[in-house]
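Peer 1: no sequence on this one, just coordinates:
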């Protein structure tokens with residue numbers, strides 16, 4: 001299978017995971033409270049609802065840290081994803097067959113273990129993408145999640161019609177989401193097994209292929225014809241191209257016909273004695289004996305755009321070596337002055353060794369290349385083995401190494417901003433239903449429409465950010481997001497306390513604050529996530545994202561608690577997030593100059609002290 005196609009299928013698998021995560025969120029939460037009540041929870045025991053919803057978040061926080069550390073020690077993404085997804089399938093089956101509130105709580109705990117897959121995919125993507133392309137890729141995955149959130153209610157509508165007895169037991173609108181999710185996660189496991197590949201390995205293989213293509217340049221030709229005259233040793237290379245400019249006037253000459261042509265000019269000699277025809281496959285190295293001084297660039301510069309036939313007198317460049325030792329195209333002889341450029345990167349050394357071995361197998365002439373390899377070959381192999389051992393050592397990163405990196409002010413600032421953004425988002429989400437009911441007399445249907453419109457807005461915002469991130473720096477986009485959030489919270493603080501109950505005329509004022517807030521939150525969260533990954537060394541992407549996700553999930557837990565607990569005092573509810581955001585703004589301003597990712601950032605592994613044992 002083509003490497004590019006494998007990469008696209010791997011990305012498709014990640015998109016499926018994000019989509020199913022959005023569907024799960026949308027089909028579970030609308031009915032989970034009713035499900036708990038059907039299992040014997042009293043209406044006043046609302047702590048069961050909070051505990052069940054938070055259960056998945058708690059195990060998600062723990063699994064993210066553990067999986068992140070495992071990824072930094074040994075990366076086998078597909079195996080880890082398959083193992084973690086088993087917990088999501090088991091959790092969905094428990095949700096389907098729950099017979100008590102405790103069983104339902106356990107099902108959410110088990111399902112939360114599988115959410116560590118997010119850390120696996122994030123780590124794999126960040127290690128396998130260039131800095132310039134990473135932000136749009138990550139934003140597209142968030143779009144898949146939002147699409148799942150929009151389609152989830154449609155699935156709920158279909159599941160609400162179920163009320164039947166099956167071999168699995170009684171199915172209704174309450175437990176049927178468990179069956180739907182079990183099937184979906186099962187299909188996801190098959191997708192991972194068939195299509196997902198280690199993105200880092202794919203990137204290395206694509207890079208090696210690119211270097212091999214660069215090492216052996218392609219000549220767009222279908223025939224080489226080398227003609228020699230043993231008397232005055234003149235040479236002529238004639239290349240017949242695939243598409244002549246005027247095919248109607250093209251003629252084919254036999255040997256006798258060509259010998260009968262009058263010779264008007266020595267430079268226009270059409271044929272010399274003893275012509276040699278050699279078929280090639282339009283690429284080289286080939287086994288044509290040509291002068292050592294000619295290179296593909298020497299040939300291409302003589303090509304005329306208006307002619308399909310190329311003539312080149314090789315004596316104008318260099319006479320053929322009479323000793324019989326000649327260079328073939330693709331060989332690396334120093335006498336030709338045409339070298340395959342070598343890079344010092346680990347992947348380049350791999351490809352150089354692979355190319356050298358391929359040249360040996362093809363029987364290529366290794367005159368100067370042999371001398372070069374005799375001097376450098378052993379050193380190259382030694383350097384590769386040394387670097388491999390260094391990578392093994394640096395994989396065992398200590399806790400102090402993590403602390404030194406993760407406590408840098410720019411990374412702390414980005415994690416803090418993400419915490420505040422998610423805190424504000426979940427606080428707003430939890431307070432919207434009671435606000436809509438208290439101040440505007442709207443019920444569940446209006447809430448559903450509001451959430452639907454919010455989902456559409458988020459998709460539009462992600463699409464705009466995907467385009468803007470290719471032209472605008474990440475830190476500038478984050479600055480815009482912070483400004484939008486400050487304006488939104490300040491607007492709501494100025495308007496919400498003045499609302500009177502059952503007054504729908506105030507709805508546009510509330511809508512303005514919500515729209516601005518939803519525009520700023522994903523900008524801070526997701527652009528900040530991309531910038532965070534660019535500032536984080538590749539060797540620490542696993543636990544680095546685990547720590548970031550731990551803080552994010554903590555915000556998701558605390559946000560609803562704060563929003564629901566301070567709903568009757570809007571100034572307090574909005575004032576605390578505003579103060580926290582102002583602190584984050586000051587931190588971001590102080591760290592602004594340090595938020596400049598570079599390629600060297602992801603290679604800080606080489607600077608980590610050696611011979612340290614892992615402490616986690």
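Peer 2: Done, it's in. Nothing here was measured: the structure is a model prediction, and the numbers come from that model. Numbers count the residues shown, from 1 in each chain.
Peer 1: Could you report the neighbour count for residue 108?
Peer 2: Counted by other Cβ atoms under 10 Å, the residues lying close to residue 108 total 23. (C-beta placed from N, C-alpha, C; glycine too.)
Peer 1: again, but for residue 174
Peer 2: Quick note: residue 174 (other Cβ under 10 Å) scores 22 neighbours.
Peer 1: can I assume residue 148 is in contact with residue 16?
Peer 2: No. Taking Cβ atoms under 8 Å as the definition, residue 148 is not a contact partner of residue 16, at 9.6 Å.
Peer 1: Who has more neighbours out of those two?
Peer 2: Neighbour count, other Cβ under 10 Å: between residue 148 and residue 16, residue 148 has more, with 24 against 19.
Peer 1: pLDDT value on the more buried one, please?
Peer 2: On pLDDT, residue 148 comes in at 89.
Peer 1: Can you say which helix or strand has it in it?
Peer 2: helix 131-159 (DSSP states H and E).
Peer 1: From the contact counts, what lies against that helix?
Peer 2: If you count contacts as 3 or more Cβ pairs under 8 Å, 6 or more residues apart in numbering; DSSP states H and E, helix 131-159 packs onto helix 3-38, helix 117-128, helix 176-195, helix 444-468, helix 528-535.
Peer 1: where in the stretch 1-150 of the chain is pLDDT low?
Peer 2: Applying pLDDT under 70 to the stretch 1-150 of the chain flags the ranges 1.
Peer 1: Quick one: the helices and strands packed on helix 131-159 as CSV, columns for distance to residue 89 too.
Peer 2: Below are the helices and strands packed on helix 131-159 laid out as CSV (distance: least, Cβ to Cβ, whole Å):
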stretch, distance to residue 89
helix 3-38, 12
helix 117-128, 12
helix 176-195, 5
helix 444-468, 27
helix 528-535, 28
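Peer 1: Residue 555: which of the ones you listed is closest?
Peer 2: Across the helices and strands packed on helix 131-159, residue 555 has its closest neighbour in helix 528-535 (12.8 Å, Cβ to Cβ).
Peer 1: helices or strands next to whichever helix or strand comes after that closest one in the packing?
Peer 2: As assigned by DSSP H and E, the chain's next helix or strand after helix 528-535 is helix 541-565. With contacts taken as 3+ Cβ pairs under 8 Å, 6+ apart, helix 541-565 sits against helix 47-73, helix 117-128, helix 399-406, helix 409-440, helix 528-535, helix 570-591.
Peer 1: so what strands line up beside the helix or strand that the helix holding residue 148 is followed by?
Peer 2: As assigned by DSSP H and E, the chain's next helix or strand after helix 131-159 is strand 163-166. Applying DSSP bridges, strand 163-166 is found paired with strand 169-172 (antiparallel).
Peer 1: average pLDDT across the partner strand?
Peer 2: Averaging pLDDT along strand 169-172 gives 84.
Peer 1: Which positions within that strand qualify as buried?
Peer 2: Within strand 169-172, the residues scored as buried using 16 or more other Cβ atoms under 10 Å are residue 171.
Peer 1: Quick one: residues in contact with it.
Peer 2: If you take Cβ atoms under 8 Å, 6 or more residues apart in numbering as the criterion, strand 169-172 is touched by 96-97, 162-165, 175, 179.
Peer 1: Now, of these, which are buried?
Peer 2: Here, 16+ other Cβ under 10 Å leaves 96, 162, 175, 179 buried among those.
Peer 1: Where does confidence bottom out across those residues?
Peer 2: residue 162 (82).
Peer 1: where does this protein dip in pLDDT?
Peer 2: In the chain, residues with pLDDT under 70: 1, 213-396, 444, 598-616.
Peer 1: From residue 488, how far off is the nearest residue to residue 436 once chain neighbours are set aside?
Peer 2: Nearest non-adjacent residue to residue 436, counting by Cβ to Cβ, 6 or more residues apart in numbering: residue 442, 4.3 Å away. Residue 442 sits 21 Å away from residue 488, going by Cβ to Cβ, to the nearest Å.
Peer 1: next one: residue 196
Peer 2: Distance, residue 196 to residue 488, using Cβ to Cβ: 39 Å.
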